[in-house]
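Engineer: Make a model of this:
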Amino acid sequence: MKKTVKQRRVTFPHMGNLSIAIKAMLEAVGLEVIVPPPITKRTLNLGIQHSPECACLPLKINMGNFLEAFELGANTIIMAGGWGPCRFGYYAQVQREILRNLGYDFELVVLETPDSRLSDLLSQVKDLAGGCSWWQIVQAVRLGWEKVKALDALEMLVQKLRPREVNAGQVEAVYRQVLQDIERASNHSQIREALTEGKKQLLDLNLDWQKPVLRIGLLGEIYTVLEPFTNLHIERHLGRLGVEVTRSIYLSQWVNDHLFGGLLFRIPSTKKYWKLSVPYINYWVGGHGRETIGGAVYFAQQGYDGVIQIGPLTCMPEIVAQSVLPQVSNEQRIPALTLYFDEHSGEAGL
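Structural biologist: As a prediction, this is how the structure comes out:
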């Protein structure tokens with residue numbers, strides 16, 4: 001049943017730190033937002049209980065997010081759409097049917113990625129928010145975008161500092177505090193101030209810049225790359241082992257490529273990976289399969305010590321990429337490791 005703006009209590013699935021930006025954007029247009037609790041084993045178990053066994057891990061975790069948000073009073077779900085040879089495009093429809101069968105009364109709003117047509121996204125947000133002016137919508141999207149950029153800048157610095165910290169755990173502690181500061185920021189100047197102060201606190205820690213570290217590129221399906229619960233906190237573990245991690249895709253890059261058409265030149269585009277992948281995969285295989293191959297070539301050219309490909313078990317685009325990765329590894333002279341995750345994965349076996 002469609003809700004009025006005043007009736008809507010909006011929720012959405014977690015993916016890394018995305019909730020910080022989405023919450024700010026939705027609250028800026030006057031919507032009541034219910035952020036799902038942080039992902040835990042309970043979240044996963046709820047999702048497993050009510051999802052098809054053969055479904056990939058992100059769908060199951062999303063289901064758990066929604067069920068826990070419903071417990072807190074949410075009645076409207078915002079979910080991204082998709083297309084092509086990847087099951088993500090079916091998530092919203094499958095989730096709608098499952099939740100309806102469980103007896104929940106809710107509205108599900110699917111935001112299709114417009115791929116360079118920002119006006120489509122703005123129109124969808126305006127429909128969701130009701131009586132807001134276009135000016136309010138634009139300012140809300142801009143606020144969310146500023147937080148996305150700040151979060152990525154913070155994460156990139158943390159990835160560089162984790163293997164160089166002298167006292168284990170200090171970088172992670174400051175990182176968590178700065179995340180809260182960015183979340184509390186209510187305008188652009190406060191966001192910049194929180195990021196600047198956070199970077200200063202991190203760089204003031206006891207760091208060993210002379211320590212030799214390995215550089216590893218993290219490739220694969222975007223949800224698994226961005227969501228620490230799904231990848232079993234692989235970046236944190238690698239950092240503890242003396243590895244500096246760089247992702248093939250960050251949230252700001254995806255937003256710039258798919259919502260802003262790559263027009264923001266200060267944000268590196270992932271489309272460079274498509275060009276680099278041409279000798280190995282010269283067509284779209286869905287998801288981020290081509291980006292995985294192009295990313296491996298890129299990291300080899302940049303002198304990285306190796307790459308790790310990660311994805312949810314049975315992810316077809318990543319399986320296609322995995323079949324090509326050994327050839328890339330051999331020709332580009334870069335070691336490559338592939339890891340898949342599902343509900344049976346555990347940190348002890350990582």
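Engineer: show me where the stretch 151-300 of the chain has helices.
Structural biologist: Taking DSSP state H, counting those that start in this stretch as the test, the helices found in the stretch 151-300 of the chain are 170-184, 188-203, 222-226, 234-240, 251-258, 271-277, 289-301.
Engineer: Ends of stretch 198-212, what's the gap?
Structural biologist: Separation of the first and last residues of stretch 198-212 by Cα to Cα, to the nearest Å is 25 Å.
Engineer: Find the residue at the geometric middle of this protein.
Structural biologist: L226 (3.9 Å; Cα atoms, centre = their mean).
Engineer: Quick one: closest of the helices of the stretch 151-300 of the chain to I334.
Structural biologist: helix 289-301 (4.0 Å; Cβ to Cβ). Using the backbone N, CA and C atoms, a C-beta is placed for each residue, glycine as well.
Engineer: For the helix or strand following that closest one, give me every contacting residue.
Structural biologist: Downstream of helix 289-301, the first helix or strand assigned by DSSP states H and E is strand 306-312. Strand 306-312 has contacts (Cβ atoms under 8 Å, 6 or more residues apart in numbering) with 56-58, 214, 216-221, 223-225, 230-231, 234, 292, 295-296, 299-300, 317-318, 321-322, 325, 329, 334-342.
Engineer: that older thread, let me see the contact set for the residue lying closest to the residue nearest to the centre of the chain once chain neighbours are set aside.
Structural biologist: Using Cβ to Cβ, 6 or more residues apart in numbering and skipping residues adjacent in sequence, the residue nearest L226 is G16, 3.7 Å away. When contacts are counted by Cβ under 8 Å, 6+ apart, G16 touches L226, E227, P228, L251.
Engineer: quick revisit: state the distance from the residue nearest to the centre of the chain to A168.
Structural biologist: Separation of L226 from A168 (Cβ to Cβ, to the nearest Å): 24 Å.
Engineer: Ok, P13 next?
Structural biologist: The value you get for P13 to A168, if Cβ to Cβ is used, is 32 Å.
Engineer: Have a look at the two and say which one is more surrounded.
Structural biologist: The residue with more neighbours, out of P13 and A168, is P13; 26 against 10, by other Cβ atoms under 10 Å.
Engineer: residues touching that one, list them.
Structural biologist: P13 is in contact with P36, I61, N62, N65, F66, M79, counting by Cβ under 8 Å, 6+ apart.
Engineer: Please save the CA atoms from stretch 312-320 in PDB.
Structural biologist: Taking Å, rounded to 0.1, in the frame of the first residue of the first chain, the C-alpha atoms of stretch 312-320 are listed here in PDB:
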ATOM      1  CA  PRO A 312      29.400 -13.900  -3.300                       C
ATOM      2  CA  LEU A 313      29.200 -17.600  -4.100                       C
ATOM      3  CA  THR A 314      27.600 -18.400  -7.400                       C
ATOM      4  CA  CYS A 315      28.000 -14.800  -8.700                       C
ATOM      5  CA  MET A 316      28.000 -15.400 -12.500                       C
ATOM      6  CA  PRO A 317      29.900 -12.200 -13.600                       C
ATOM      7  CA  GLU A 318      32.700 -12.900 -11.100                       C
ATOM      8  CA  ILE A 319      32.800 -16.600 -12.100                       C
ATOM      9  CA  VAL A 320      33.300 -15.400 -15.700                       C
END
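Engineer: Need the three-state assignment for the closest residue to A28 other than its chain neighbours.
Structural biologist: Excluding the flanking residues, the one nearest A28 by Cβ to Cβ, 6+ apart is A140, at 3.6 Å. Three-state call for A140 (DSSP: H, G, I helix; E, B strand; the rest coil): helix.
Engineer: circling back to that earlier point, quick one, which of the helices of the stretch 151-300 of the chain is nearest to Q159?
Structural biologist: Comparing the helices of the stretch 151-300 of the chain under Cβ to Cβ, the one sitting nearest is helix 234-240, at 6.3 Å.
Engineer: just for the stretch 101-250 of the chain, where's the confidence low?
Structural biologist: 113-118 (pLDDT under 70).
Engineer: An error on my part: the question was meant for the stretch 251-350 of the chain.
Structural biologist: 258-265.
Engineer: Just the buried subset of the contacts of strand 306-312, please.
Structural biologist: For these, a neighbour count by 16 or more other Cβ atoms under 10 Å gives the buried set as 56-58, 216-221, 223-225, 230-231, 234, 292, 295-296, 299-300, 317-318, 321-322, 325, 329, 334, 336, 338-341.
Engineer: which residues touch the residue nearest to I98 when sequence neighbours are not counted?
Structural biologist: Nearest non-adjacent residue to I98, counting by Cβ to Cβ, 6+ apart: H50, 5.7 Å away. For H50, the contacting residues are M63, L67, I98, L102, by Cβ under 8 Å, 6+ apart.
Engineer: what about the second one, how many neighbours?
Structural biologist: Yep, that's L67 we're talking about. 21.
Engineer: quick one: what helix or strand has it in it?
Structural biologist: For L67, the host element (DSSP H and E) is helix 57-71.
Engineer: what's the offset of that helix from the middle of its chain?
Structural biologist: Between the centre of helix 57-71 and the centre of its chain there are 16 Å (Cα atoms, centre = their mean, to the nearest Å).
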